[in-house]
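Visitor: coords please:
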Amino acid sequence: MTLRTEIAIESASAWPTRIGAGALLVLTLIVSGCMFAEDAEQGLYEYKQGNYSEAASIWRRLASRNDSTAQFYLGRMYQLGEGVPADLEKAAAWYRKAADTGNPYAQGNLAVLYAYGRGVPADFVLSYAWSSRAAAGYPKWADDLRAAAFANRDIVAVKMTAPEILAAQQLSETLRR
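Guide: Presented below is the predicted three-dimensional model:
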């Protein structure tokens, strides 16, 4: 038997173990993903029932695991003072975490906060960039949200110089999709 044949036989004999470990990993990821989905659905159910404290608790747990939907909802709760004290700085921080992972809803809300300096310093370049990114990321069926993002972008563009608009357009291209 040649060395190449021995290596091939040894590698082939390890396949069942590798496949088994890989299958176990995939199964674990699927199950944990389902648990996240159930938690997220439970959070949304509690929110819709007006059980804001319970919804916030569920979404905090998910947000700590980098769930951008939970981060978005926490931002919204802090923005509106639902189940938590109204705090625009915390709202902006949660929106930013979700926006950085590509959540267009958080990107759109963050853009509005930057446009009006709520919870963050007013920054038209960031508002324009996040509005553009949100508009590009909304699902096809969300024409009203896309139009609102473009409207926000156009509102702040009127207050910007040409170099600022160019900088915002370039920044928009670097933000997470």
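Visitor: going forward, measure contacts and count neighbours with C-alpha atoms only.
Guide: OK.
Visitor: which intervals of the protein have sub-threshold pLDDT?
Guide: Scanning the chain for pLDDT under 70 picks out 1-38.
Visitor: One more pass at 50, please.
Guide: Applying pLDDT under 50 to the chain flags the ranges 1-36.
Visitor: the helices in it, which residues?
Guide: With DSSP state H as the criterion, the chain has helices at 3-48, 52-63, 68-80, 88-100, 104-116, 124-137, 143-157, 162-174.
Visitor: Quick one: residues in contact with the fifth one.
Guide: Among residues not part of helix 104-116, those counted as contacts by Cα atoms under 8 Å, 6 or more residues apart in numbering are 72, 92, 95-96, 98-99, 119-124, 126-131, 133-135, 137-138, 149, 152, 156.
Visitor: Dump the helices of the chain into CSV; add mean neighbour count as well.
Guide: Below are those laid out as CSV (neighbours: other Cα atoms under 10 Å):
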stretch, mean neighbour count
helix 3-48, 13
helix 52-63, 20
helix 68-80, 25
helix 88-100, 23
helix 104-116, 26
helix 124-137, 27
helix 143-157, 18
helix 162-174, 16
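Visitor: quick one, what contacts residue 97?
Guide: Residues in contact with residue 97 (Cα under 8 Å, 6+ apart) are 68, 71.
Visitor: swap in the one 4 residues further on?
Guide: For residue 101, the set of contacting residues under the criterion of Cα under 8 Å, 6+ apart consists of 68, 176, 177.
Visitor: how about 7 Å then?
Guide: Residues near residue 101 by Cα atoms under 7 Å, 6 or more residues apart in numbering: 68, 176.
Visitor: Ok, residue 78 next?
Guide: 84, 85, 86, 87, 88, 90, 91.
Visitor: And it, how far from residue 72?
Guide: 10 Å (Cα to Cα, to the nearest Å).
Visitor: and the chain, what are its domains?
Guide: Domain segmentation of the chain under automatic domain parsing yields 1-87, 102-177.
Visitor: How many residues are close by residue 121?
Guide: Residue 121 has 12 neighbours, counted by other Cα atoms under 10 Å.
Visitor: Repeat that for residue 86.
Guide: Neighbours of residue 86 (other Cα under 10 Å): 16.
Visitor: my read: residue 94 touches residue 75, true?
Guide: Yes: contact criterion Cα atoms under 7 Å: residue 94 and residue 75 qualify, at 4.8 Å.
Visitor: Residue 177: what's it in contact with?
Guide: 102, 133, 137.
Visitor: tell me which of those residues is nearest to residue 160?
Guide: residue 133 (17.8 Å; Cα to Cα).
Visitor: Hmm, residue 174 and the closest one touching each other?
Guide: No: the criterion here is Cα under 7 Å, and residue 133 misses it with residue 174 at 9.3 Å.
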